[in-house]
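Asker: After the sequence you'll find the predicted model.
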Amino acid sequence: MSQAVPQDAAEEAGKKLKLLLITGLSGAGKSTALKALEDIGYEAIDNLPLSLLPNLIDLARGDDPDHANPAFAIGIDARTRNFNPQKITSQLRKLKARADVDIRVLFFDCNNNIIAKRFTETRRRHPLAIDRPMADGIVRERQMMEVLRAEADYVFDTTDLGVHELKRLLSQRFERSIGGDMTISICSFSYPKGLPRDADLVLDVRFLRNPHYVENLKPLSGLDPEVCAYVEGDPDYQTFWDRIASLILWLLPEYKKEGKAYLTIAFGCTGGRHRSVCVAEKMAGFLRQKGFLVTLHHRELPSAD
C-alpha cells in the first residue's frame, strides 16, 4: 500500500504556492509546455521578469490566502527583459528558500539541427539571431542558458518528442494531485525505437515467448486477452512477475521518502506491441489496486492524438 501522508504535512504542502519555472532553448518546446500545463490547471504566464516573482507570489497569497493549492507556470528565456542567467540563479535560490513556495525548474533542451529546422519551418527568427546566422544565435543561447540548465530540477530533451507526446509527458508528471501522493507513469515501448527519455526504471521483457511468431496472435496486441494468456503461459513468467512486483512495491515507499513525486516505469520488448503492453497493463492494474495513482501509455500503439 502507498504510505499515508500525515494530515498536517499534507495540509502544509497544500498551502504552498506551486511554481513551475519553464525555461530552456528557444524552439525546444517551452510554449507547448506552458499550454499543456495551463490545460491541467496551472496559471501560465510567459516572459515574466523573475524580479517580479516575489510580488506575484505575495499577490496570489493576498487574493486567495486560503486557496487549497495555487499553482503557476512561468516562462522565462533569453527574450525576457534584462535577462541575466547569473542574477536569475541567485533569485531562484532565494525563492527556493521560501517556506510558502514549492518551486521547480523545468529546462527544455533540443538538438541544434532540430531547433534550426523548427525555426525554418515556422519562418520565425531566432531571438538571438536577428543580425547573425541562425546557427550562431543557437550556440550563443546554449552558452547563456547553461547556468540555468545546471539549476534545473527536470531537463526535457524534445529532440525526438512530438507535440502530443510532450503534452502527455507533462500531464503525467505535473498533474496537480491532492495530499502529496506520488504519481506513477507506466509505459510500454519497442527497444529498436529507443528508450523512453523520461523513464526512471526500465524493464526488459524480451526473454518471454513472443506472440509475434504465432500466426493468429501477430495482428493483435497486448490489450487482447488471447495475447496476455500466451505471454503469461511462459514457464518463466510467474517467477518474473512475483519478483518484479515485490521489488516495485518495496521501491515505491523508498522513493516517496526521498521526496520523489513522479516515477516512470517502462517495459520494453522488440516490437512494443505484445509482451511489453501485456506486462505494463497488468502492472498498472496491480498498482492501482494497491492505492497508487497510475497513468498508462503504450508508445507504439495507435492513440487518439
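Answerer: Great, that's in hand.

Asker: Please compute how far the biggest helix by length in the chain lies from its chain's middle.
Answerer: Across the chain, the helix with the greatest residue count (assigned by DSSP state H) is helix 237-257. Computed by CA atoms, centre = their mean, to the nearest Å, the separation of helix 237-257 from the middle of its chain amounts to 22 Å.

Asker: Can I get whichever helix or strand comes after it in PDB, CA atoms only?
Answerer: Counting by DSSP states H and E, the next helix or strand C-terminal to helix 237-257 is strand 262-269. What follows is strand 262-269 as a C-alpha-only set of coordinates in PDB (Å, rounded to 0.1, in the frame of the first residue of the first chain):
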ATOM      1  CA  TYR A 262       6.700  11.300 -10.100                       C
ATOM      2  CA  LEU A 263       8.100   7.900 -11.200                       C
ATOM      3  CA  THR A 264       8.100   6.400 -14.700                       C
ATOM      4  CA  ILE A 265       8.400   2.600 -15.100                       C
ATOM      5  CA  ALA A 266       8.900   1.400 -18.700                       C
ATOM      6  CA  PHE A 267       8.500  -2.100 -20.000                       C
ATOM      7  CA  GLY A 268      10.200  -2.900 -23.300                       C
ATOM      8  CA  CYS A 269      10.100  -5.700 -25.900                       C
END
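
Asker: Show residues contacting the following helix or strand past strand 262-269.
Answerer: Per DSSP H and E, the first helix or strand lying C-terminal to strand 262-269 is helix 275-289. Contact with helix 275-289 is made by 184, 186-190, 203, 205-206, 208, 210-211, 221-223, 227-228, 231-232, 241, 244-245, 248, 252, 265, 267-269, 294, 296, 298, 301, as judged by CB atoms under 8 Å, 6 or more residues apart in numbering. In short, each C-beta sits where N, CA and C put it, glycine included.

Asker: just to revisit the earlier point, what angle sits between the longest helix of the chain and helix 275-289?
Answerer: 50 degrees (axes from the mean of the first three to the mean of the last three CA atoms, to 10 degrees).

Asker: Helices of the stretch 101-250 of the chain, start to end?
Answerer: 112-122, 134-151, 163-174, 225-232, 237-257 (DSSP state H, counting those that start in this stretch).

Asker: and those, which is most packed in?
Answerer: By mean neighbour count, with neighbours taken as mean count of other CB atoms under 10 Å, helix 163-174 ranks first of those at a mean of 19.

Asker: quick one: that helix to chain centroid distance?
Answerer: 6 Å.

Asker: which outside residues touch it?
Answerer: Here helix 163-174 has contacts from 20, 29, 32-33, 35-37, 39-40, 42, 154, 156, 158, 161, 183, 185, 198, 262, 264, 295, 297, 299, 303, 305, using CB under 8 Å, 6+ apart.

Asker: Of the residues you listed, keep whichever come out buried.
Answerer: 20, 29, 32-33, 36-37, 42, 156, 158, 161, 183, 185, 198, 262, 264, 295, 297, 299 (16 or more other CB atoms under 10 Å).

Asker: Output the below-cut-off pLDDT ranges for the protein.
Answerer: 1-15, 61-69, 78-82, 176-181, 259, 303-305 (pLDDT under 70).

Asker: State the distance from the residue of it positioned farthest from its centre to Leu247.
Answerer: For the chain, the largest distance from the centre (CA atoms, centre = their mean) belongs to Glu215, which lies 37.3 Å off. Computed as CB to CB, to the nearest Å, the Glu215 to Leu247 distance reads 35 Å.

Asker: All good on my end, thank you.
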